[in-house]
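*Asks:* what follows is a predicted structure for the sequence shown.
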Amino acid sequence: MLSGPSGVGKSTVVAELRQSSPEIWFSVSVTTRKPRPGEVDGRDYYFVDDKEFDRLVADGELLEWAAPHGTHRSGTPRRPIEDKLKTGVPCLLDINLAGARQVKRVMPDAYMVFLTPPSWDELVRRLTCRGTESAEVIDRRLATAREELAAADEFDITLVNASVTEVCRQLVALIEPGVSSSGSLDPPRGLQGGLGGWLPPGVDRKQAAQWQGHRSPRALSTRRSTSFLGSWTASTGW
């Protein structure tokens, strides 16, 4: 799972990986928000209205869902992930913090990667330069970002998105690493990462103590059992 605050560049990283690493399968989220310029339904997101999203939730067709900024809802369809994991295809989920926590509860072996910006100022710049949201929405996203950055220690490793190319290289190394006979991850080199001396407003150093890159000796979720989905029987067109 790839997570991080809004504006950190997750979508840009995923777009680059789609081009450079076609062997990796990317989960496409469903969302109630309107498409941004250049976004394509079925490639970037499945864009649905509130009524359809309510149906997906009621029918159990979403692995997780959340309303991270209070403006719209987004979620991850179950069926495609189930199908890919059964065949051992490497999978990557681009997901928000609330969604990552939900998936982790039902899929404890999922490997969690947290993406951070080079600095708080850079995160603010990326959000404001989009030109797609009002000042009120941007302020709300920044407030959410402070909470998300403080939760980085819940993840297995932290990567700093100073270079999209470098982050993609690191992610590919994590998704397709050497795995020992015991099933533990043989971590790639050069993934120490770090946030230097900066902290976002409202986050103290105790909260951020674990922002330096770290990893867990757990195998990637794509190599594990999918028994947590075994009882799911709902059908979906995805």
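*Replies:* Now that the structure is in, tell me what you want to look at. Residues are numbered from 1 along each chain as shown.

*Asks:* burial count for residue 45?
*Replies:* Around residue 45 sit 19 other residues, with neighbours defined as other C-beta atoms under 10 Å. Placement of C-beta: from N, CA and C, glycine included.

*Asks:* skipping adjacent residues, who's closest to it in space?
*Replies:* Nearest non-adjacent residue to residue 45, counting by C-beta to C-beta, 6 or more residues apart in numbering: residue 31, 4.8 Å away.

*Asks:* do the same with residue 36
*Replies:* Leaving aside its chain neighbours, residue 36 sits nearest to residue 132 (5.4 Å; criterion: C-beta to C-beta, 6+ apart).

*Asks:* I'd assumed that neighbour was in a strand, is it?
*Replies:* No. Under DSSP: H, G, I helix; E, B strand; the rest coil, residue 132 sits outside any strand and is assigned coil.

*Asks:* give me the neighbour count for it.
*Replies:* Residue 132 is surrounded by 11 other residues when neighbours are defined as other C-beta under 10 Å.

*Asks:* the longest helix in the chain is where?
*Replies:* In the chain, assigned by DSSP state H, the helix with the most residues is helix 135-150.

*Asks:* so, low pLDDT: which residues of this protein?
*Replies:* Filtered on pLDDT under 70, the chain yields the residue ranges 69, 177-238.

*Asks:* so where do the strands sit in the chain?
*Replies:* For the chain, the strands identified by DSSP state E occupy 2-3, 25-26, 29-31, 45-47, 62-66, 74-77, 91-92, 113-116, 157-160, 178-179, 185-186, in order along the chain.

*Asks:* any chance of CSV for those, columns distance to residue 14?
*Replies:* Written out in CSV, the entries for these read as follows (distance: least, C-beta to C-beta, whole Å):
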stretch, distance to residue 14
strand 2-3, 7
strand 25-26, 6
strand 29-31, 11
strand 45-47, 11
strand 62-66, 17
strand 74-77, 14
strand 91-92, 7
strand 113-116, 10
strand 157-160, 13
strand 178-179, 23
strand 185-186, 22
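
*Asks:* would you state the helices of the chain in chain order?
*Replies:* Assigned by DSSP H, the helices in the chain fall at 10-20, 50-58, 78-86, 97-106, 120-129, 135-150, 164-175.

*Asks:* in a markdown table, list these along with distance to residue 27 and mean neighbour count.
*Replies:* Compiled in a markdown table, the helices of the chain are given as follows (distance: least, C-beta to C-beta, whole Å; neighbours: other C-beta atoms under 10 Å):
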| stretch | distance to residue 27 | mean neighbour count |
| --- | --- | --- |
| helix 10-20 | 10 | 16 |
| helix 50-58 | 14 | 13 |
| helix 78-86 | 6 | 17 |
| helix 97-106 | 10 | 18 |
| helix 120-129 | 23 | 16 |
| helix 135-150 | 19 | 17 |
| helix 164-175 | 13 | 18 |
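
*Asks:* residue 70 is nearest to which of the ones you listed?
*Replies:* helix 135-150 (6.7 Å; C-beta to C-beta).

*Asks:* got the CA coordinates for the closest one in PDB?
*Replies:* What follows is the C-alpha trace of helix 135-150 in PDB, where atoms were taken according to Å, rounded to 0.1, in the frame of the first residue of the first chain:
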ATOM      1  CA  ALA A 135      -8.700  28.100  -0.300                       C
ATOM      2  CA  GLU A 136     -11.100  26.500   2.200                       C
ATOM      3  CA  VAL A 137     -10.500  23.100   0.700                       C
ATOM      4  CA  ILE A 138      -6.800  23.600   0.600                       C
ATOM      5  CA  ASP A 139      -6.800  24.600   4.300                       C
ATOM      6  CA  ARG A 140      -8.800  21.500   5.100                       C
ATOM      7  CA  ARG A 141      -6.300  19.300   3.200                       C
ATOM      8  CA  LEU A 142      -3.400  20.800   5.000                       C
ATOM      9  CA  ALA A 143      -5.000  20.200   8.300                       C
ATOM     10  CA  THR A 144      -5.500  16.600   7.300                       C
ATOM     11  CA  ALA A 145      -1.900  16.400   6.100                       C
ATOM     12  CA  ARG A 146      -0.600  17.300   9.600                       C
ATOM     13  CA  GLU A 147      -2.600  14.400  11.100                       C
ATOM     14  CA  GLU A 148      -1.400  12.000   8.300                       C
ATOM     15  CA  LEU A 149       2.300  13.000   8.700                       C
ATOM     16  CA  ALA A 150       2.100  12.300  12.400                       C
END
